[in-house]
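# Predicted structure and sequence below. I'll ask about it afterward.
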Amino acid sequence: MNLGLSKNEVKLMPYTSEWNTEFIRVKDELLKHVDIKANCIEHIGSTAITDMVAKPIIDILVGVDDIEKVDIPFMKALQKVGFLRLKVERPGEIEFAKFTDDTFEVKTHFIHLVDYDNELWRNLVFFRDYLNTNEKAREEYKRLKITEYTNLKEPFVKSIFAKRTN
């Protein structure tokens, strides 16, 4: 399995169950080294959607009680597992990435650190689950990704978020 993309590279790969195997491996590593509960770590993004084409990067959702109180020991534990904090600024989210080597050019994994079970958490998990259970939506998203990925991805994702009722 080849994981990783360089900065600004867009490459879609066919689905492989190896992505889930890799997520499980990383989740186990996180549980060993980071003070976090198993139910606070979820595989999200296109690599978590069966039969979906995806960029070969594993997206991991990690939930904490309060993102404003994430401390240095927590960050150092993530670093021990190979995740470095990115300078990306998003409201209610801290991003980390794992790279293939110390050139930091090719990212293989992302962690999206958010408040556990808040709206963003629920939307991201709902999106994954909805596409895994709704073949029509999954095929529509797949077509969109292949033809107009950069222009139409965000509106599609938001349209799925809007279907969440709780």
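Arrived safely, thanks for sending. Numbers count the residues shown, from 1 in each chain.
# going forward, measure contacts between C-alpha atoms and count neighbours the same way
Noted.
# where does the chain dip in pLDDT?
148-152, 166 (pLDDT under 70).
# Can you tell me which residue is spatially central in it?
residue 59 (2.1 Å; C-alpha atoms, centre = their mean).
# I'd like to know how many residues surround residue 158.
Residue 158 sits with 12 neighbouring residues when counted by other C-alpha atoms under 10 Å.
# can you pull the contacts of it?
Contacts for residue 158 were tallied using C-alpha atoms under 8 Å, 6 or more residues apart in numbering; there are none.
# Kindly report the same for residue 93.
67, 112, 113, 114, 115.
# most surrounded residue in the residues you listed?
Going by other C-alpha under 10 Å, residue 114 tops these with 24 neighbours.
# strand partners of the helix or strand that contains that one, parallel vs antiparallel please.
Assigning secondary structure by DSSP states H and E places residue 114 in strand 106-115. Within its sheet, and counting by DSSP bridges, strand 106-115 is paired with strand 5-6 (antiparallel), strand 58-64 (parallel), strand 94-99 (antiparallel).
# starting at the chain centroid, how far to the shortest one?
Meaning strand 5-6. 15 Å (C-alpha atoms, centre = their mean, to the nearest Å).
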